[in-house]
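>>> I'd like to go over a predicted model; first the sequence, then the structure.
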Amino acid sequence: MKKFAVIGNPIKHSLSPLIHSEFAQQSSIDLTYEKILADDEITFISTIQNLINQGYAGVNVTLPFKGYAAKISTTKTSEVDLTGSANTLSFDHNAIAAHTTDGIGLVNDLLEKIGTLSSSSILLLGAGGAANGVIPSLLNEEISHLYLWNRTIQKSFDMANHWHKSYENISVMENVDFKKIDIVINATSAGIDNTASSPISLNDSHKEIICYDMMYGRQTPFLKSASDNNLAFFDGLGMLVKQAAASFEIWHEQKVESKSIEESLRSTLI
Ligand code: ATR
């Protein structure tokens with residue numbers, strides 16, 4: 001039986017074991033999948049080595065270790081190279097192959113919920129790992145433009161400079177102009193605590209805008225603002241399930257159906 005795990009800190013509330021065991025059932029694959037807490041970078045690296053020694057086939061990596069996962073890998077996809085982030089590792093003896101499926105998880109969820117991203121103009125809020133991790137996947141979708149905004153706006157300018165080396169249609173939107181935007185994606189961590197307000201006010205938005213928050217399991221101030229303004233909005237639960245589906249596909253070379261799992265998780269989270 002193949003062995004897998006997810007490593008992070010915190011890890012207690014991770015839904016990945018549940019999602020992967022549902023996929024395994026769907027595909028009639030026998031596997032084990034557990035949660036492992038790593039205290040810090042050093043423990044993370046020694047844990048990976050222990051798992052390789054114990055014959056594990058691969059791991060998912062979550063916050064705050066996605067950058068270290070990219071660094072310690074022996075082979076990586078171009079997307080891991082560009083984002084400096086990996087959430088899916090496959091082990092083959094001492095070789096570690098790294099993938100990142102966050103971007104494809106987001107894009108597949110947007111496609112399922114909205115239909116198409118082609119020619120859309122997107123505003124991405126945030127300048128941390130979560131925002132940077134999804135940029136290549138968004139820009140590979142033939143969107144018309146990706147605008148960047150962050151509370152500390154200098155970080156958006158630094159980010160745009162970095163991504164300009166690979167893509168043309170990305171720039172900073174220092175003063176948000178909703179007329180130019182079809183979709184707003186919140187990739188900030190505002191909302192982890194309930195005291196924060198929405199990173200941007202949606203009060204002046206036009207009514208056709210679609211709001212997407214990469215967070216799930218709670219109503220973030222951003223989604224509350226979307227709801228208060230009667231805008232269409234989605235949380236990141238679908239992204240979570242679809243990034244897991246993409247990891248599963250890498251490990252097992254089998255496509256899985258994710259919608260029913262999202263629905264059953266949603267009913268347990270509410
Ligand atoms: P992650 O890896 O999850 O992206 P991170 O690297 O710590 O986490 O980045 C957090 C992001 O959320 C940053 O863009 C941060 O903005 P700043 O660069 O200005 O700090 C953003 N963020 C966190 N709290 C916020 C808040 N209350 N309002 C707006 N943006 C916030």
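That came through, no problem. Residues are numbered from 1 along each chain as shown.

>>> count of neighbours near the residue of the chain with the smallest separation from the ligand?
The minimum distance from the chain to the ligand, using C-beta to the nearest ligand atom, falls at Gly128 (2.2 Å). Glycine gets a C-beta too; all of them are placed from N, C-alpha and C. Counted by other C-beta atoms under 10 Å, the residues lying close to Gly128 total 14.

>>> secondary structure class for the residue nearest to it when sequence neighbours are not counted?
Once flanking residues are discounted, Gly128 sits nearest to Ser189: 6.9 Å by C-beta to C-beta, 6 or more residues apart in numbering. Look at Ser189: counting by DSSP: H, G, I helix; E, B strand; the rest coil, its state is coil.

>>> likewise Ala97?
Classified using three-state DSSP, Ala97 is strand.

>>> I figured it hits Ser73, correct?
Yes: applying C-beta atoms under 8 Å, one finds Ala97 in contact with Ser73, separated by 6.6 Å.

>>> Find the residue at the geometric middle of the protein.
In the chain, the C-alpha nearest the mean C-alpha coordinate belongs to Asp102, at 3.4 Å (C-alpha atoms, centre = their mean).

>>> distance of it from Asp40?
Relative to Asp40, Asp102 is positioned 22 Å away (C-beta to C-beta, to the nearest Å).

>>> Would you verify that Leu18 is located in a strand?
No: Leu18: not assigned to a strand; according to three-state DSSP it is helix.

>>> what sits against it?
Contacts for Leu18 (C-beta atoms under 8 Å, 6 or more residues apart in numbering) come out as Leu265.

>>> Is the top helix by length along the chain positioned near the ligand?
The longest helix of the chain (DSSP state H) is helix 237-252. No: Helix 237-252 is not in contact with the ligand by C-beta under 6 Å from any ligand atom; minimum separation 13.2 Å.
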